[in-house]
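**Student:** Provide a 3D model corresponding to the input given below.
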Amino acid sequence: MDFGRTAQHRAKDLLDTGMEIGVMHDLAVGVHPNGADAWSLGDALARGVTVGAPSDQYNQLGQDWSQPPWRPDKLAESAYGPYREMLHNVLRDAGGLRVDHVIGLFRLWWIPEGLQAKDGTYVRYDHDAMIGILMLEAQRAGAVIVGEDLGTVEPWVRDYLRDRGIFGTSILWFERDQDGPIAPERYRELCLATVTTHDLPPTAGYLTGVHLDLRSSLNLLTRPIEEERAEDEAAREEVLQQLRDRGLLRDGAGIAEQVEALHRYLTWSPARLLGVSVSDLAQDRRIINQPGTDEEYPNWRVPLAGPHGRPVLLDELFSYRSARRLARTVSRRS
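**Tutor:** Numbers count the residues shown, from 1 in each chain. Okay, the predicted model is just below:
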């Protein structure tokens, strides 16, 4: 049985209204350096270096993802064969594809072995070729492409991706300009908009600052935690005050009400796609993934749990009143 194709057909056909996109797969930045992929791809991957990200406000020491990058010269010599084959396989039974760190198709932060993440450098790729092949395979598959265009992004890159028909990613907490948080009506239309992301805690956890506690315990902060907390709380309060000013949130509202109001706020955006974290449906607060860590934190190994820490099975979510309420919230767009 072709499980991928079966899942895609069931997703689109068996629900009352169907899922217009169906299954959206996720394309990671790279592969495990000692895995079968790295072995089979041979010299198409660089050795002695890994990819990551430079220092930013969410990880002040930079990030090392421990994955070997594509070699741009070897990709060109092979007519991008390994890259094309990978995209063809992942899109074969998909209605959509989220490309993690899509700016890596333009430039990647290479970290030579033995150096810290902050000491890396950018290596550029032929983005016309990389994006062109991506969109060709998407056209053949009839799939939508969402690019995670977060982090350190050159401004023209988002325009380029939009012009090629690639959805961007808009995270409520990150949508700011020099005057503070921007109103949802000003969000991009061609984007997947969400309140949170897997690199942040679930919304209930973010509202209570659990990310700062974790980063402090792991020595990932470059400033005293008191300074970090004051700045973080001020930024969150700016957003919550906008909700109060627009009648979405009452004074003294609890965390659950704040989470619901934030998602309601998101529905006022013109974004073509809205997303809700499964952790938010369960009212979980614990961090799923802390960028820049490996064994220091159990990334991707934290079982889904409810607000009191009890593990929750996905099937149980259908009986959760909070999950149904949040789903109704984002389904009503006005």
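
**Student:** this structure: strands as residue ranges?
**Tutor:** Assigned by DSSP state E, the strands in the chain fall at 24-27, 49-53, 63-64, 96-99, 107-112, 121-124, 144-147, 168-171, 176-177, 180-181, 191-194, 273-274.

**Student:** and the ones you listed, which one is worst for confidence?
**Tutor:** When the strands of the chain are compared by mean pLDDT, strand 63-64 comes last with a mean of 90.

**Student:** strand partners of that strand, parallel vs antiparallel please.
**Tutor:** strand 49-53 (antiparallel) (DSSP bridges).

**Student:** out of the strands of the chain, which gets nearest to residue 313?
**Tutor:** Closest to residue 313 of those, according to C-beta to C-beta: strand 24-27, at 21.7 Å. The C-beta positions use only the backbone N, C-alpha and C, and glycine is treated the same way.

**Student:** show me what counts as buried in the closest one.
**Tutor:** 24, 25, 27 (16 or more other C-beta atoms under 10 Å).

**Student:** direction included, what does that strand pair up with?
**Tutor:** Here strand 24-27 is paired, per DSSP bridges, with strand 96-99 (parallel).

**Student:** who touches the partner strand?
**Tutor:** Outside of strand 96-99, the residues within contact range by C-beta atoms under 8 Å, 6 or more residues apart in numbering are 21-27, 90-91, 105, 134, 138, 143-148, 166, 192.

**Student:** now restrict the residues you listed to buried residues only.
**Tutor:** The buried subset of those (16+ other C-beta under 10 Å) comprises 21-25, 27, 90-91, 105, 134, 138, 143-148, 166, 192.

**Student:** chain neighbours aside, what residue packs nearest to residue 117?
**Tutor:** Spatial nearest neighbour of residue 117, chain neighbours left out: residue 62 (3.2 Å); criterion: C-beta to C-beta, 6 or more residues apart in numbering.

**Student:** contacting residues for that neighbour?
**Tutor:** Residue 62 is in contact with 52, 53, 54, 55, 109, 116, 117, 118, 119, 120, 292, counting by C-beta under 8 Å, 6+ apart.

**Student:** give me the pLDDT value at it.
**Tutor:** With respect to pLDDT, residue 62 has a value of 87.

**Student:** before we move on, what about residue 17?
**Tutor:** 59.

**Student:** got it, and the one 3 residues further on?
**Tutor:** According to the model's per-residue confidence, residue 20 sits at a pLDDT of 83.

**Student:** list the contacts for it?
**Tutor:** Residue 20 is in contact with 12, 95, counting by C-beta under 8 Å, 6+ apart.

**Student:** and the one 4 residues further on, by the same measure?
**Tutor:** Contacts of residue 24 were listed using C-beta under 8 Å, 6+ apart, and they are 94, 95, 96, 97, 98, 144, 146.

**Student:** the fifth one and residue 91, how far apart?
**Tutor:** Read that as residue 98. Residue 98 is 12 Å from residue 91, where distance means C-beta to C-beta, to the nearest Å.

**Student:** common neighbours of the two, please.
**Tutor:** Common neighbours of residue 98 and residue 91 (C-beta under 8 Å, 6+ apart) are residue 25.

**Student:** the spatially closest residue to residue 275 that is not a sequence neighbour pairs with what?
**Tutor:** Once flanking residues are discounted, residue 275 sits nearest to residue 194: 4.1 Å by C-beta to C-beta, 6+ apart. Counting by DSSP bridges, residue 194 is bridged to residue 171.

**Student:** residue 194 contacts residue 175, doesn't it?
**Tutor:** No. Counting by C-beta atoms under 8 Å, residue 175 is not a contact partner of residue 194; they are 10.7 Å apart.

**Student:** neighbour-wise, which of those two wins?
**Tutor:** residue 194 (23 against 19; other C-beta atoms under 10 Å).
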